[in-house]
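[1] give me coordinates for this.
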Amino acid sequence: MAITNHERVGKALELLKSGLGPFVEREFKAKYGDGWAFEVKEILSDTRLGGGKSDSINDVAALLVVMDRKWGEVFRRILGKTERSLVNEILAIRNNWAHQEPFSGDDAYRALDSVGRLLSSISAAEADDVDKMKMELLRLRFDEQARGEKRKSSSIAIESGV
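    A predicted model of the protein is given here:
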């Protein structure tokens, strides 16, 4: 059975969580030392994501919210404005995904590209997996276009009596 664009985006978000989690945790530990988990819980306590019981961040939305809220203190020295824009864009993508919004082929490609760019900016190995997903989506799109062109040329040939 073919994978849907919604499933593709979900898989990309899982890869983002895997790649981004260790980075966020490392940077928080570098900034706050042993108090890093308290800082995270403090940020998340005023959101619907809650503070959690674990000392690690296990939700992609929480990772993105924490990055956005502590950008100036923690991430600004490492990442640029482009990456901050990606964090906010991906947070919107994640919310659309979580609320079962449909993803067109273009929307799915954009989501995969944004996730891949953020992962690449932190040198996460998961960026390669996202790139493969992007290529597969492009292959499907090109195959679809080729079939459409073939059908169009077949119907033109039939109409013209060739």
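[2] look up the closest residue to the most centrally placed residue in the chain, ignoring the ones flanking it.
    The C-alpha lying nearest the average C-alpha coordinate of the chain belongs to Val115 (C-alpha atoms, centre = their mean; 3.5 Å). Distance criterion C-beta to C-beta, 6 or more residues apart in numbering; nearest residue to Val115, sequence neighbours excluded, is Ala12 at 4.5 Å. C-beta coordinates here come from the backbone N, C-alpha and C atoms, glycine included.
[3] ok, now which ones touch that neighbour?
    Ala111, Leu112, Val115, Gly116, Val130, Met133 (C-beta atoms under 8 Å, 6 or more residues apart in numbering).
[4] cool, Glu83 as well?
    Phe75, Leu118, Ser121.
[5] now do Arg94
    Leu13, Val60, Ala61, Leu64.
[6] for this structure, which spans come out with low pLDDT?
    Residue ranges of the chain with pLDDT under 70: 1, 46-56, 150-162.
[7] who wins on neighbours among the contacts of Arg94?
    Of all the contacts of Arg94, the highest neighbour tally under other C-beta atoms under 10 Å goes to Leu64, namely 28 neighbours.
[8] helix, strand or coil for Asn58?
    coil (DSSP: H, G, I helix; E, B strand; the rest coil).
[9] CSV please, covering the contacts of Arg94 and showing secondary structure and distance to Lys31.
    Converted to CSV, the contacts of Arg94 look like this (DSSP: H, G, I helix; E, B strand; the rest coil; distance: C-beta to C-beta, whole Å):
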residue, secondary structure, distance to Lys31
Leu13, helix, 25
Val60, helix, 21
Ala61, helix, 21
Leu64, helix, 18
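[10] list the buried residues in the strand or helix carrying Asp106.
    According to DSSP states H and E, Asp106 maps onto helix 105-121. For helix 105-121, a neighbour-count test (16 or more other C-beta atoms under 10 Å) marks 107-109, 111-121 as buried.
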